[in-house]
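Trainee: my questions are about this predicted structure, shown below with the sequence.
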Amino acid sequence: MPATTVSASTAVRRQVPARWVLAGVASIVALGGVYLLAVLTKPGQEIEDSILRSVDGGTLLKSGRALDAISMPAILVVVAVVVVIAFIRRRPGAAVQAGALIVGAIATTQVIKAVAPRPELTTLTLSNSFPSGHVTIAIAGVLALSTAFGRHLRPLVMVLGTVFAALVAEQTVAYGWHRVSDVCGACAVTFLWLAIVRGAAALWSKDPRDTVGRKAHGFTSAVLGLAMVATLAAAGAVFAIGIGADMSITMSTGPGVLTGARLLSAGVVFAAGWLAWKLDRSF
């Protein structure tokens with residue numbers, strides 16, 4: 001019988017990996033949940049108002065080095081570096097993914113901040129700051145750089161970048177620029193765009209698979225995981241010590257409240273970085 005041949009032009013059917021579908025849905029749910037509980041309810045606003053009241057008047061709305069590093073020139077530099085590295089490595093798909101991740105996450109954050117109302121439910125009336133633009137830029141920049149670099153440098157970029165993003169989140173709360181919910185919202189928005197670009201790449205990108213080695217992936221996971229556990233545990237301990245004696249969290253203010261919120265913000269960023277790393281071993 002004559003051999004059956006298959007045309008080389010026959011398209012290979014691709015599907016979006018289930019993990020990115022679930023990650024995208026979870027990001028939307030988390031974004032909506034944080035907004036509903038922290039922004040649209042009086043107890044949520046009162047808790048975060050107590051944190052804002054704990055910021056020392058001498059440091060309110062000032063900035064640290066990590067915050068000062070977030071600027072429009074810095075964003076342009078990151079985008080340029082990402083594109084150059086991706087094309088040097090002959091990975092145009094990585095450049096497209098990184099660019100879409102940065103632009104999409106920043107644009108989404110600004111749109112949400114402009115259209116999402118913050119009702120005046122408490123006596124402390126401040127403008128809406130959900131989600132945080134600074135934290136969005138920091139996390140999206142880290143994930144974009146991780147996309148552009150090869151598997152040998154990606155672990156180092158991810159660890160150092162996540163530490164920087166955690167410092168940005170901590171400082172936004174320390175200086176009263178943002179609330180903890182703003183940090184959570186920024187992580188959710190960025191994670192949503194990570195799921196979008198990775199899902200799209202699974203369907204259309206022709207770049208070869210780029211996988212981090214098992215040992216390097218495990219070591220990086222351990223470092224980010226330990227940082228996540230340490231900061232979240234420290235935040236819980238500080239809140240327990242600083243607020244435990246006063247059974248009304250919403251009425252508590254002071255250095256302990258602010259320190260706990262700063263640690264919690266950093267821990268949320270470490271958690272986002274750890275989860276992204278676990279899901280994004282190869283693309």
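Mentor: Nice, thanks for sending it over. This structure is a prediction, so every number in the text was calculated from the model and none was measured.
Trainee: now the helices for the stretch 101-250 of the chain?
Mentor: According to DSSP state H, counting those that start in this stretch, the stretch 101-250 of the chain carries its helices in the segments 133-148, 154-174, 180-204, 214-243.
Trainee: next secondary structure after the longest one?
Mentor: Put plainly, it is helix 214-243. Heading C-terminal from helix 214-243, the first helix or strand you meet, by DSSP states H and E, is helix 255-279.
Trainee: run through the neighbouring helices and strands of that next one.
Mentor: For helix 255-279, the packing partners by 3 or more C-beta pairs under 8 Å, 6 or more residues apart in numbering; DSSP states H and E come out as helix 18-34, helix 42-53, helix 133-148, helix 154-174, helix 180-204, helix 214-243. No exception for glycine: its C-beta is placed from N, CA and C like everyone else's.
Trainee: that one: how far from the chain's middle?
Mentor: For helix 255-279, the distance from its own C-alpha centre to the chain's C-alpha centre is 10 Å (C-alpha atoms, centre = their mean, to the nearest Å).
Trainee: of the helices of the stretch 101-250 of the chain, which is nearest residue 63?
Mentor: Within the helices of the stretch 101-250 of the chain, the stretch nearest residue 63 is helix 154-174; the backing value is 7.0 Å (C-beta to C-beta).
Trainee: can you spell out which helices and strands pack onto that closest one?
Mentor: Using 3+ C-beta pairs under 8 Å, 6+ apart, the elements in contact with helix 154-174 are helix 65-68, helix 133-148, helix 180-204, helix 214-243, helix 255-279.
Trainee: buried residues in that helix?
Mentor: When burial is assessed from 16 or more other C-beta atoms under 10 Å, helix 154-174 yields the following buried residues: 154-155, 157-159, 161-174.
Trainee: please apply the same query to stretch 194-210.
Mentor: Of the residues in stretch 194-210, those scored as buried under the neighbour-count criterion (16+ other C-beta under 10 Å) are 194-201, 205, 207, 210.
Trainee: who's in contact with it?
Mentor: For stretch 194-210, the external contacting residues (C-beta atoms under 8 Å, 6 or more residues apart in numbering) are 14-17, 20-21, 23-24, 27, 91-94, 96-97, 100-101, 104, 143, 150-151, 276, 280, 282-283.
Trainee: same question, stretch 170-185
Mentor: Taking contacts as C-beta under 8 Å, 6+ apart, the residues outside stretch 170-185 that touch it are 30-31, 34-35, 37-39, 44, 48, 51-52, 55, 59-64, 66-67, 109, 112, 129-132, 134-135, 169, 258, 261-266, 268-269.
Trainee: circling back: dump the buried residues of stretch 194-210 into JSON lines; add pLDDT and distance to residue 139 as well.
Mentor: Formatted as JSON lines, the entries for those read as follows, by pLDDT from 0 to 100; distance: C-beta to C-beta, whole Å:
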{"residue": "194", "pLDDT": "97", "distance to residue 139": "9"}
{"residue": "195", "pLDDT": "96", "distance to residue 139": "14"}
{"residue": "196", "pLDDT": "96", "distance to residue 139": "15"}
{"residue": "197", "pLDDT": "95", "distance to residue 139": "14"}
{"residue": "198", "pLDDT": "93", "distance to residue 139": "15"}
{"residue": "199", "pLDDT": "92", "distance to residue 139": "18"}
{"residue": "200", "pLDDT": "92", "distance to residue 139": "19"}
{"residue": "201", "pLDDT": "90", "distance to residue 139": "19"}
{"residue": "205", "pLDDT": "79", "distance to residue 139": "22"}
{"residue": "207", "pLDDT": "74", "distance to residue 139": "23"}
{"residue": "210", "pLDDT": "74", "distance to residue 139": "21"}
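Trainee: closest one of those residues to residue 229?
Mentor: Checking these one by one against residue 229 (C-beta to C-beta), the nearest turns out to be residue 194, at 22.1 Å.
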